[in-house]
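Q: Can you look at this prediction? I've put the sequence above it.
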Amino acid sequence: MQEIETGNFSPPRLVLIPPDSIRVVNWNINRGLRLQPVMEFLASTKADVVLLQESDLNARRTHHLNIAREIAQKLQMNYVFGREFQELTQGSRASPAYHGQATLSRWPLSNPRIIRFQKQSNFWRPRWFLPEIGPFQERIGGRLALVSEANIAGRTIVTYNLHLESKGDDALRCSQIDETLQDARRYDTSTSVALAGDFNLDMSTGPASTALNQAQFQDAFENRHAPTTPDSFLEPGRTIDWIFTRGPIRASQPQVGRSVSASDHYPLLITLSFV
């Protein structure tokens, strides 16, 4: 489960003038169940860096495709993929299925690694009395942060691609955030860091917000958030997907793509400028 997969599909380029800014997308793509519209939207953004959560690998529900690789090839981007869970109801012993996080970039990616959080929910673990069928989502593994470094024509941006626990309480999610922030302390304030993902938590208030402020992370959307999940019959949409930055970069042009219906989450888009 510590395995990281990588692939390089971005064509070589000659860069005479480094870019002043890059476009970043963060999106939980709901396994890639609607892969074609996901790829069409991502292609339309012309993003330089894309952080995806819930990307399938060899699962029945997504036709045994490697979703991260399919998107990277289509968009001609490099990618790293970290296995969050082995999906026991979606594969077999001979041909296991996984899902996890993927980070894509038009620029070189290096030093990928996984932080598998120490505190996890037991909700997903296999139980002898549950049949191995889709509705029960039995899994092996655990929530993680996928860390990688994008080299933007000589400038490095460290990306943390998070998927925090959807079960359990906010205290569990806050402990997973704390582990991520503890890891981020290895980079000094002269290093650009982008921390994004599906937090399953309102990060605008409470202990998680305080911890991020103390770690000098800025909310890329400031107070311009909109719900990042659609309204349902039982409840309104929630604001649970976020992007935060630290270091010599500034976020602008934040957008929640609420017109995009390719997932059960909306994509987040920002421009990051180097300062």
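A: Yep, it's here. Residues are numbered from 1 along each chain as shown.

Q: residue boundaries of the strands in the stretch 101-250 of the chain?
A: 109-116, 139-141, 144-152, 155-163, 192-198, 218-219, 241-246, 249-256 (DSSP state E, counting those that start in this stretch).

Q: Point out the most buried one among those.
A: Of all the strands of the stretch 101-250 of the chain, strand 192-198 has the most neighbours on average by mean count of other Cβ atoms under 10 Å, namely a mean of 25. Placement of C-beta: from N, CA and C, glycine included.

Q: quick one: strands adjacent to that one?
A: strand 155-163 (parallel), strand 241-246 (antiparallel) (DSSP bridges).

Q: thinking again about what came up before, in terms of mean pLDDT, which of the strands of the stretch 101-250 of the chain ranks lowest?
A: If you rank the strands of the stretch 101-250 of the chain by mean pLDDT, strand 139-141 sits at the bottom with a mean of 91.

Q: Identify the residues contacting the nearest residue to residue 256 once chain neighbours are set aside.
A: Excluding its sequence neighbours, the residue lying closest to residue 256 (Cβ to Cβ, 6 or more residues apart in numbering) is residue 226, at 4.4 Å. Contact partners of residue 226, counting by Cβ atoms under 8 Å, 6 or more residues apart in numbering, are 239, 256, 258, 266.

Q: for residue 225, same thing?
A: Per Cβ under 8 Å, 6+ apart, neighbours of residue 225: 204, 239, 256.

Q: Can you convert the strands of the stretch 101-250 of the chain into TSV and add a column each for distance to residue 85?
A: Listed next are the strands of the stretch 101-250 of the chain as TSV, based on distance: least, Cβ to Cβ, whole Å:
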stretch	distance to residue 85
strand 109-116	11
strand 139-141	4
strand 144-152	9
strand 155-163	10
strand 192-198	14
strand 218-219	28
strand 241-246	19
strand 249-256	27
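
Q: Which one of these lies nearest to residue 62?
A: Of all the strands of the stretch 101-250 of the chain, it is strand 139-141 that lies closest to residue 62, at 15.6 Å by Cβ to Cβ.

Q: Which secondary structure elements does that closest one sit against?
A: Here strand 139-141 touches strand 78-87, going by 3 or more Cβ pairs under 8 Å, 6 or more residues apart in numbering; DSSP states H and E.

Q: before we move on, back to that, could you export the strands paired with strand 192-198 to a markdown table, including columns for distance to residue 78?
A: Converted to a markdown table, the strands paired with strand 192-198 look like this (distance: least, Cβ to Cβ, whole Å):
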| stretch | distance to residue 78 |
| --- | --- |
| strand 155-163 | 12 |
| strand 241-246 | 20 |
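
Q: Of all those, which one comes closest to residue 176?
A: Of the strands paired with strand 192-198, nearest to residue 176 by Cβ to Cβ is strand 155-163, at 7.6 Å.

Q: Would you pull up how far the closest one lies from the middle of the chain?
A: Computed by Cα atoms, centre = their mean, to the nearest Å, the chain-centroid distance of strand 155-163 equals 9 Å.

Q: same thing with stretch 106-113?
A: Offset of stretch 106-113 from its chain centre (Cα atoms, centre = their mean): 14 Å.

Q: Over to stretch 96-116?
A: Centre-to-centre, stretch 96-116 and its host chain are 9 Å apart (Cα atoms, centre = their mean).

Q: and what of stretch 11-30?
A: 16 Å.

Q: then it to PDB, C-alphas only?
A: The C-alpha atoms that make up stretch 11-30 are tabulated as PDB, following Å, rounded to 0.1, in the frame of the first residue of the first chain:
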ATOM      1  CA  PRO A  11       6.500  16.700 -24.000                       C
ATOM      2  CA  PRO A  12       9.900  18.300 -23.600                       C
ATOM      3  CA  ARG A  13       9.800  22.100 -23.900                       C
ATOM      4  CA  LEU A  14      12.300  24.900 -24.200                       C
ATOM      5  CA  VAL A  15      11.500  27.600 -21.700                       C
ATOM      6  CA  LEU A  16      13.200  30.900 -22.400                       C
ATOM      7  CA  ILE A  17      11.200  33.000 -19.900                       C
ATOM      8  CA  PRO A  18       9.800  31.300 -16.800                       C
ATOM      9  CA  PRO A  19       6.100  31.800 -16.200                       C
ATOM     10  CA  ASP A  20       5.000  34.400 -13.600                       C
ATOM     11  CA  SER A  21       2.000  32.300 -12.600                       C
ATOM     12  CA  ILE A  22       0.400  28.900 -13.000                       C
ATOM     13  CA  ARG A  23      -3.100  27.600 -13.000                       C
ATOM     14  CA  VAL A  24      -4.100  24.900 -10.400                       C
ATOM     15  CA  VAL A  25      -7.100  22.700 -10.200                       C
ATOM     16  CA  ASN A  26      -8.200  20.600  -7.100                       C
ATOM     17  CA  TRP A  27     -11.000  18.100  -7.600                       C
ATOM     18  CA  ASN A  28     -12.500  15.000  -6.000                       C
ATOM     19  CA  ILE A  29     -13.500  13.200  -9.200                       C
ATOM     20  CA  ASN A  30     -15.700  10.500  -7.600                       C
END
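
Q: No further queries at this time; thank you.
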